[in-house]
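K.L.:
Kindly return the folded structure for what I paste below:
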Amino acid sequence: MMLGKIEHVALAVADLDAAIAHYKDMWGLEVSHRERVEDQGVEEAMLPLGGSYLQLLGPTGPDTTVGKFIERRGEGLHHIAYEVDDLAGALAELKSKGVPLIDEQPRRGGRGHMVAFVHPKGNHGLLVELIQRSQHSDKP
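P.N.:
Now for the predicted structure:
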């Protein structure tokens, strides 16, 4: 398995609109895509940044994964996402190596991409998202 580029770095934020305003005012970043991903319990905003994205994740409720993350740890780094060409193959390889997975099968994520998460226990405490871009993807 070969990792591609860093697709995005995700930050968990309590107030998505306030975080968007901060990154626009402080760093001049603009939102290129915003969407609510119901099955993940988040609203995400994608801000292009140097050939990648900064993803701001706001929870849709306190009992969502990101809502619980913010309650336990506060706002901040949530995960790093890497591109892969063959997501199903990457998951099979990781599983064969005994890496703990959150998702054993690819699922649809934001922007129509297929995604899967690798448990932080398999990455020195860092949650990793693997992304296989859709054919109609946006590229920063």
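K.L.:
what sits against the residue in the chain sticking out farthest from the centre?
P.N.:
For the chain, the largest distance from the centre (Cα atoms, centre = their mean) belongs to S96, which lies 23.6 Å off. For S96, no contacting residues are found, by Cβ atoms under 8 Å, 6 or more residues apart in numbering. Glycine gets a C-beta too; all of them are placed from N, C-alpha and C.
K.L.:
ok, now how distant is it from A81?
P.N.:
Look at S96 and A81: by Cβ to Cβ, to the nearest Å, they are 22 Å apart.
K.L.:
try L49
P.N.:
Distance from L49 to A81, by Cβ to Cβ: 13 Å.
K.L.:
Compare the two and say which is more crowded by neighbours.
P.N.:
A81 (23 against 15; other Cβ atoms under 10 Å).
K.L.:
Can you read off the pLDDT for M2?
P.N.:
You'll see M2 listed with a pLDDT of 83.
K.L.:
ah, wrong one, I meant D138
P.N.:
60.
K.L.:
go on, S32?
P.N.:
Model confidence at S32, expressed as pLDDT, equals 97.
K.L.:
Make residue 1 into 588 and carry on from there
P.N.:
Let's use 588 as the start, then, which means that last one is S619.
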